[in-house]
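Q: Sequence and computational prediction follow.
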Amino acid sequence: MIQNNPIGRLIAHIVLIVGIMIVAFPIYYAFIASTQSLQDIMRPPLSLLPGGHFWENYTTALFGGIGRIGGVSVGRLLINSTIMALAIAVGKIIISILSAYAIVFFRFPGRMVFFWLIFITLMLPVEVRILPTYKVMVDLGLIDTYTGLTVPLMASATATLLFRQFFMTIPGELVEAARVDGAGPWRFFKDILLPLSKTNIAALFVILFIYGWTQYLWPLLMTNRNDMTTIVIGLRKMISFADADTEWHLVMVTCILAILPPVLVVVLMQRWFVRGLVETEK
Amino acid sequence: MASVELTNVRKVYAGAVEAVKGVDIAIKDGALCVLVGPSGCGKSTLLRMIAGLESITDGTVKIDNKVVNDLGPAERDIAMVFQNYALYPHMKVYDNMAYGLRNRGMPKDQIDKRVREAAATLELTHLLERRPRELSGGQRQRVAMGRAIVRNPKVFLFDEPLSNLDAKLRGQMRVEIKNLQRQLGVTSVYVTHDQLEAMTLADILVVMNAGAVEQIGAPLDIYEKPASTFVASFIGAPPMNLIPITADESGLILKDGTRIGAQGITVSDKDAIIGFRPEDLEVATGTESHIGGLLLDLKVLGVEPVGAESYVYGIIGGERVVVRVAGRSVSQPDDHLRVIIPKEKLHLFGGNGKRI
């Protein structure tokens, strides 16, 4: 749909620019605020240009320890969030690719039963099963541990189904050629299935990393200690209902820092999986 | 290099569908055996059973005088070329060919030597660093062949390897496969539904129908002496003309009631089918003193000139027939021709379709 009508192009551009502004302006505004002192923020209107407190604010937040979140630095929270998001993304991918492999390529008793069991869990998101899961975690003594934060979120029907759909498009002759070539199940998985799934893995990694990064309810329940909580929870804790208590400049710094890793993952992985898309062929 | 022997091989799928009904085939060392038949006749299933990709319900498969029923495909020392080539899309041509050798734990330098040799034989050397999607259909076909020959297997198995190529390339690859197989002397089993491919490639031809073997033999023997009407109509293009007849004491009667002169031909069955190849008809000049065969009346429906020869389509006794005439035919639609089928060119089949 390429139009050469100048008015049409103008309208299209205006719509695009307005859309981008609506999305991007709040982020820009947060960035501006994160470079001002608390006094400047409290005295509206806020300037639309960055202030002079960039280094001061960012070092305080990253390494200083902030009163409202129990003296823990934002750096520590970033590490926690990164560990949690990475573990969930990688764990989910490993578990779901293996279970999809089993369901698609092997004939074993109860295969369809297992498939449907996995399928049914689609109807049970974390929020629905949160109390029993919490109880199990308490009984196992996993409160305030990375294991407790990540393991219950790993099992994923969506990713399993996605891999299953992809595996089913792999021609039977390819599987048979590998068998004739003497590749056992493990070799076939490692040498043929994994390389062909590159694109899917990259796409899923992006989605799942963001899913893990933005988790709120589960880390809220699972963490009591301030140094084990995630940046999303920390951000919430920093905001007090009494406006004067809130260190808005640090809140804004935390916001910007919380946005950065998912953006980085998207930007870096996007290039990678577009290349994957171009290269692979079934 | 090895012989392949199938004894009473059967395949029954769950639900009691009998795909292969007791097949016996013996293939000598170095021979090229072609399994041919219409789709669904069980030829591919049979091939996959030899390969070990399909379990064997009953009977035995022997490769090199060893029963291989319970061995996996990799342990049977076979190599297979698939219809869609089944190249590993993410691997370079080199790795595609080396993969099977690597899985067998062959040392690197030896793999390299074998792959380069095979690539040279198939003129693939300049393509070794490419990926399958960068190759044309014919080149992919060659890589699939290369993957089979590097392994130096006892048996080659081909599952309709040429059916994805265009007609010209198919003819070319057919000759190449034949030459390569001769040159390497590896026992081969080749599945196809194309009777021309079957005729030209086979040392031993197996015609299959509905899960059973109809006839086994040298291609020309089968062409000249088809064992049944099925074989007669399947082998040869255009197919053999088949005309049902009834016989009584005084002679032969066509379906439309015409009595035909049959000098020296006796039919013992009451219901029978006569068959003749399109090229075996002679047009009667009216001056023959002795016919020595069947004299029939043919009504011309149409003529198809294809260059070196022409096909005359017509009706004899209510049945459609094709006649192949060298050069150009002067017949016109609605012409009536007197044609003679010489006695020695006539095929007779009983009412059950079997040769008499």
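A: Nice, thanks for sending it over.
Q: Please make it C-alpha for all contacts and neighbour counts, starting now.
A: OK.
Q: wouldn't residue B:208 be in contact with residue B:43 here?
A: Yes: the criterion here is CA atoms under 8 Å, and residue B:208 meets it with residue B:43 at 6.9 Å.
Q: So those two - more neighbours on which side?
A: Taking neighbours as other CA atoms under 10 Å in any protein chain shown, residue B:208 and residue B:43 compare with residue B:43 leading, 30 against 26.
Q: Which element, helix or strand, includes the residue lying closest to that one once chain neighbours are set aside?
A: Nearest residue to residue B:43, sequence neighbours excluded (CA to CA, 6 or more residues apart in numbering or on different chains): residue B:35, at 6.1 Å. Taking DSSP states H and E as the criterion, residue B:35 maps to strand B:32-36.
Q: May I have the strands that pair with that strand, each with its orientation?
A: strand B:187-192 (parallel), strand B:204-209 (parallel) (DSSP bridges).
Q: Quick one: mean pLDDT over the first one.
A: In other words, strand B:187-192. Mean pLDDT, computed over strand B:187-192, is 94.
Q: that older thread, what's around the residue nearest to residue B:43, how many residues?
A: 28.
Q: Run through the residues that contact it.
A: Residue B:35 sits next to B:43, B:189-192, B:198, B:205-208 when contact means CA atoms under 8 Å, 6 or more residues apart in numbering or on different chains.
Q: Next SSE downstream of the strand holding residue B:35?
A: helix B:43-51.
Q: Can you name every helix or strand that that following helix contacts?
A: When contacts are defined as 3 or more CA pairs under 8 Å, 6 or more residues apart in numbering or on different chains; DSSP states H and E, helix B:43-51 sits against strand B:17-27, strand B:155-159, strand B:187-192.
Q: Can you redo these as a markdown table, where the extra columns are mean neighbour count and distance to residue B:241?
A: Below are the helices and strands packed on helix B:43-51 laid out as a markdown table (neighbours: other CA atoms under 10 Å in any protein chain shown; distance: least, CA to CA, whole Å):
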| stretch | mean neighbour count | distance to residue B:241 |
| --- | --- | --- |
| strand B:17-27 | 17 | 28 |
| strand B:155-159 | 25 | 30 |
| strand B:187-192 | 25 | 23 |
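Q: ok, now how distant is the residue lying closest to residue A:215 once chain neighbours are set aside from residue A:78?
A: Once flanking residues are discounted, residue A:215 sits nearest to residue A:232: 7.7 Å by CA to CA, 6+ apart. Here residue A:232 is placed at a distance of 9 Å from residue A:78 (CA to CA, to the nearest Å).
Q: With residue A:28 instead?
A: The separation that residue A:28 has from residue A:78, given CA to CA, amounts to 21 Å.
Q: and these two? which has more neighbours close in?
A: Between residue A:28 and residue A:78, counted using other CA under 10 Å, the more crowded position is residue A:78 (22 against 16).
Q: Could you check the pLDDT of that one?
A: At residue A:78, pLDDT is 89.
Q: Tell me which residues touch residue B:164, please.
A: B:83-84, B:137.
Q: Please read the previous query as pertaining to residue B:191.
A: B:34-36, B:43-44, B:47, B:158-160.
Q: any idea which of those is closest to chain A?
A: residue B:159 (10.5 Å; CA to the nearest CA).
Q: Would you mind measuring from the closest one to residue B:181?
A: For residue B:159, the distance to residue B:181 - CA to CA - is 15 Å.
Q: Which strand or helix spans residue A:116?
A: helix A:111-120.
Q: Mind giving me the packing neighbours of the following helix or strand past that helix?
A: Sequence-wise, the next helix or strand downstream of helix A:111-120 (DSSP H and E) is helix A:130-139. Here helix A:130-139 is seen to pack against helix A:217-222 when contacts are counted using 3+ CA pairs under 8 Å, 6+ apart.
Q: can you list the weak-confidence ranges in the chain?
A: Going with chain A. Scanning chain A for pLDDT under 70 picks out the ranges A:1-3, A:65-70, A:241-245, A:272-282.
Q: That was the other one, I meant chain B.
A: Looking at chain B by pLDDT under 70, you get B:1, B:261-265, B:286-291.
Q: Chain A contacts on that one?
A: B:51, B:53, B:73-75, B:78-80, B:82, B:84, B:86-90, B:99-101, B:103-104, B:133 (CA under 8 Å from any CA of the partner chain).
Q: Go again with 6 Å.
A: Within reach of chain A by CA under 6 Å from any CA of the partner chain, chain B has these residues: B:73-74, B:86, B:100, B:103.
Q: Which members of these are positioned in helices?
A: B:100, B:103 (DSSP state H).
Q: how about TSV for the residues of chain B next to chain A, with neighbour count added?
A: Below are these laid out as TSV (neighbours: other CA atoms under 10 Å in any protein chain shown):
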residue	neighbour count
B:73	25
B:74	22
B:86	22
B:100	25
B:103	15
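Q: Just give me the closest of the residues of chain B next to chain A to residue B:311.
A: The closest of the residues of chain B next to chain A to residue B:311 turns out to be residue B:86 (CA to CA; 39.9 Å).
Q: how far away is the closest residue to that closest one other than its chain neighbours from residue B:218?
A: For residue B:86, ignoring the flanking residues on the chain, the nearest one in space by CA to CA, 6+ apart is residue A:174 at 4.7 Å. Separation of residue A:174 from residue B:218 (CA to CA) stands at 34 Å.
Q: Among the two, which residue is more densely surrounded?
A: For residue A:174 versus residue B:218, neighbours defined as other CA under 10 Å are more numerous around residue A:174 (20 against 15).
Q: Find the closest residue to chain A in the stretch 101-250 of chain B.
A: residue B:103 (6.0 Å).
Q: Please name the residues that touch that residue.
A: residue A:182 (CA atoms under 6 Å, 6 or more residues apart in numbering or on different chains).
Q: Residue 44: how many residues sit nearby?
A: Just so you know, I chose chain A. Residue A:44 has 8 nearby residues by other CA under 10 Å.
Q: wrong one, chain B
A: 22.
Q: the helices in chain A, which residues?
A: Using DSSP H, helices in chain A cover A:6-33, A:38-42, A:54-59, A:74-105, A:111-120, A:130-139, A:146-150, A:157-168, A:172-180, A:185-187, A:194-213, A:217-222, A:231-238, A:248-279.
Q: Compare these and report which one is nearest to residue B:340.
A: helix A:172-180 (51.1 Å).
Q: who are the neighbours of that closest one, in terms of helices and strands?
A: The contact analysis (3 or more CA pairs under 6 Å, 6 or more residues apart in numbering or on different chains; DSSP states H and E) places helix A:172-180 against no helix or strand.
Q: from the chain's centre, how far out does it sit?
A: Computed by CA atoms, centre = their mean, to the nearest Å, the separation of helix A:172-180 from the middle of its chain amounts to 36 Å.
Q: just the angle between that helix and helix B:43-51, please?
A: 20 degrees (axes from the mean of the first three to the mean of the last three CA atoms, to 10 degrees).
Q: tally of neighbours for residue 184?
A: Since no chain was named, I'll use chain A. Residue A:184 has 14 nearby residues by other CA under 10 Å.
Q: oops, chain B please
A: So residue B:184, with other CA under 10 Å, has 12 neighbours.
Q: Distance check, it against residue B:155.
A: With CA to CA as the criterion, residue B:184 and residue B:155 are 11 Å apart.
Q: Also residue A:180?
A: Residue A:180 is 12 Å from residue B:155, by CA to CA.
Q: List the residues that contact residue B:338.
A: B:283-284, B:296-297.
Q: out of everything not next to it in sequence, what's closest to it?
A: Closest to residue B:338 by CA to CA, 6+ apart is residue B:297, at 4.9 Å.
Q: Surely the one you found forms part of a strand?
A: Yes: counting by DSSP: H, G, I helix; E, B strand; the rest coil, residue B:297 is part of a strand.
Q: hey, which helix is longest across chain B?
A: helix B:167-184.
Q: elements contacting that helix?
A: Going by 3+ CA pairs under 6 Å, 6+ apart, helix B:167-184 lies up against no helix or strand.
Q: Enumerate the residues of chain A near chain B.
A: A:173-174, A:180-182.
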